[in-house]
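Participant: I'll drop the sequence and a predicted model, then ask my questions.
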Amino acid sequence: MSSLSPSRRARRRRPSPTLRLESLEGRILLNAGDLDPTFGVAGVVTGNYGATAPNAKSIVVQDDAKVVVGLFDGYAGFGHDFTLVRYNSDGALDTTFGGTGVVRTDFGGANDSVSQLILEPTSGGVKILAVGTAVEKSGQGVGLARYNMDGSLDTTFGSGGKVFTHLSGKTSDSGGSVILDPSGRIIVSGSSYQGKSGSYTYANLLIRYNANGSLDTTFGGGGKVVGAYGRYTYDGWGAMEILGSGGAYTIGVLGQDGGAGVVAHFKANGGRDTTFGPNGEKPITGGSVFQPDGKIVGVIGDGNDLSLTVYRFNGDGAPDASFNSTGQVTTPASTFYGGSQAYVRPSAVRVDASGRIVVAGRGQLADSWLDSILIRYNMDGSLDTTFGSGGATIIRVNGDLGGEEQSFQAIAFQPDGKILAGGHYATSFNPISGSATIGMDVVRYAGDTAAAPSAIPVQTAATSLVPPALEGVGFLDSLFPSQPGKSKRLGV
């Protein structure tokens, strides 16, 4: 860009106008889906932060544009803690958060992992609330931890900033998603199982806490609503929404009940809303997240990783005919790889403020390594060809080595429209054992200003939670590493 400098009056003569050139350094024009070079190294930040196999499971963006990431440690073991990492807007670790940018919280010295973060407004200002799974002496239960903005635990919450809820000594319980009700009470969804290995019985779970972390005994039985334990593949509740206001609201929940995908409605006291459907439920396929207008969006793979299907339902569970006329759209994996044979496996989905659907997961060109992939659909179900290349953007963090194990698992939108995607990648590979070590990654892409959420996600689920049956899908391949000299095929 250039401009003419103002002329100045001289005593004897008037100088000719001179051309002044302004530097274009720092003025980078990016298209939606391009890596943002102002974040980390070429748009990517990585690390393991003391975890065995860290996975960016949840991302929130603060008012000051700082990015907070909650980690899920994908391998069973001991010594794992709730881990939160905060970055400045440029991707550098924010050392005002816990002194190093990394905060770890131990519940009982065993396997603690974050599944979701939200920003929670309190009388003492906005806090960071983390929900997940924790282990204490009594066993595995639902864990919550609330943090001040400097990374210290909020000691007005629970016991020293932590809350642990275990149904009984016979159960193993997990927290998945979290939302606040109109009174500021905390509702957590999740799952529980009991029995012996090979014959577990599963139940879905809702818990409501008061703002100080105590159980709200006006909800269900002592603050808890536990489904019937049954021998199903997996029963559990995932994403939630609040319908209505005041004390007479309804809780919408997505997940699995009786081994089938459903949308369920619960009354504010924890009872099932049977006016919505039998047992307060209606069947749906792959429901993953609620849109602001109450519609439901879900995504599932085909079981062989040859395609993925995005679904959209109306709030009553009926297919949304405005979405590809049938309420669903199936996209072959080859679409994202120029028509060549390929594989794709979705892990998370979110809807931006313009109604476009963003899907995260992993992809793979046949006979190659794994990639992390982000896909965007328009409101009508068509691929958004303004995003990336033909509607998708593909990255292999850490090159071919990183492709031994790789996937995006979390999505967040910044107020300026940029898109954050987080997950994991391979940091090393042992050809003798065929196993990979794992690191966490967060990648920032250029987006569209209109795609930013209408507000920072306070009081709502900060990232879309894939229902328990799909949660972590794509990560299990790390348990079946490729053989030396061979690439890993998603469909195997």
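Facilitator: It's in.
Participant: Can you show me the strands along the stretch 351-492 of the chain?
Facilitator: For the stretch 351-492 of the chain, applying DSSP state E, counting those that start in this stretch gives strands covering 357-365, 370-377, 392-395, 406-413, 419-430, 435-445.
Participant: Reformat the ones you listed as a markdown table; add mean pLDDT and distance to residue 224.
Facilitator: Every residue, glycine included, has its C-beta placed from N, CA and C. As requested, the strands of the stretch 351-492 of the chain are exported to a markdown table (pLDDT from 0 to 100; distance: least, C-beta to C-beta, whole Å):
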| stretch | mean pLDDT | distance to residue 224 |
| --- | --- | --- |
| strand 357-365 | 97 | 32 |
| strand 370-377 | 98 | 37 |
| strand 392-395 | 97 | 41 |
| strand 406-413 | 97 | 27 |
| strand 419-430 | 94 | 31 |
| strand 435-445 | 93 | 32 |
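Participant: tell me the pLDDT at the residue nearest to residue 151 when sequence neighbours are not counted?
Facilitator: Leaving aside its chain neighbours, residue 151 sits nearest to residue 98 (3.4 Å; criterion: C-beta to C-beta, 6 or more residues apart in numbering). pLDDT recorded at residue 98 is 98.
Participant: do the same with residue 137
Facilitator: pLDDT, residue 137: 89.
Participant: Spatially nearest residue to it (excluding sequence neighbours)?
Facilitator: Nearest non-adjacent residue to residue 137 (C-beta to C-beta, 6+ apart): residue 108, at 6.0 Å.
Participant: how deep is the one you found tucked in, by neighbour count?
Facilitator: 16 (other C-beta atoms under 10 Å).
Participant: Return the distance of it relative to residue 90.
Facilitator: Distance of residue 108 to residue 90, given as C-beta to C-beta, to the nearest Å: 36 Å.
Participant: just residue 52 next, same as before
Facilitator: Going from residue 52 to residue 90 by C-beta to C-beta gives 28 Å.
Participant: go on, residue 42?
Facilitator: Distance of residue 42 to residue 90, computed by C-beta to C-beta: 12 Å.
Participant: One more: residue 290?
Facilitator: Between residue 290 and residue 90 the computed distance is 32 Å (C-beta to C-beta).
Participant: For the closest residue to residue 385 other than its chain neighbours, list the residues it contacts.
Facilitator: Nearest in space to residue 385, with sequence neighbours left out and distances taken as C-beta to C-beta, 6+ apart, is residue 391 at 5.4 Å. The contact partners of residue 391, by C-beta atoms under 8 Å, 6 or more residues apart in numbering, come to 335, 336, 375, 376, 377, 383, 384, 385.
Participant: before we move on, what about residue 294?
Facilitator: By C-beta under 8 Å, 6+ apart, the contact set of residue 294 is 241, 243, 252, 314, 315.
Participant: Now do the SS call for it.
Facilitator: coil (DSSP: H, G, I helix; E, B strand; the rest coil).
Participant: Tell me, how many residues neighbour residue 285?
Facilitator: By other C-beta under 10 Å, neighbour count at residue 285 equals 15.
Participant: Tell me the secondary structure at it.
Facilitator: Reduced to three states by three-state DSSP, residue 285 is coil.
Participant: Go ahead and confirm it touches residue 299.
Facilitator: No. Between residue 285 and residue 299 there is no contact under C-beta atoms under 8 Å: 10.2 Å.
Participant: got the contact list for the spatially most central residue of the chain?
Facilitator: Nearest to the mean C-alpha position of the chain, by C-alpha atoms, centre = their mean, lies residue 410 at 3.2 Å. When contacts are counted by C-beta under 8 Å, 6+ apart, residue 410 is found next to 56, 57, 58, 59, 69, 348, 360, 420, 421, 422, 423, 463.
Participant: Look up the residues forming beta bridges with it.
Facilitator: With DSSP bridges as the criterion, residue 410 is bridged to residue 422.
Participant: how much space between it and residue 424?
Facilitator: Residue 410 is 10 Å from residue 424, where distance means C-beta to C-beta.
Participant: in this protein, which helix or strand is least confident?
Facilitator: In the chain, the helix or strand scored least confidently by mean pLDDT, DSSP states H and E is strand 2-4, which has a mean of 32.
Participant: how about the contacts of residue 410 in CSV, adding neighbour count and distance to residue 113?
Facilitator: Below are the contacts of residue 410 laid out as CSV (neighbours: other C-beta atoms under 10 Å; distance: C-beta to C-beta, whole Å):
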residue, neighbour count, distance to residue 113
56, 27, 12
57, 29, 8
58, 31, 11
59, 26, 15
69, 28, 13
348, 30, 16
360, 27, 19
420, 25, 20
421, 26, 20
422, 30, 14
423, 28, 15
463, 29, 15
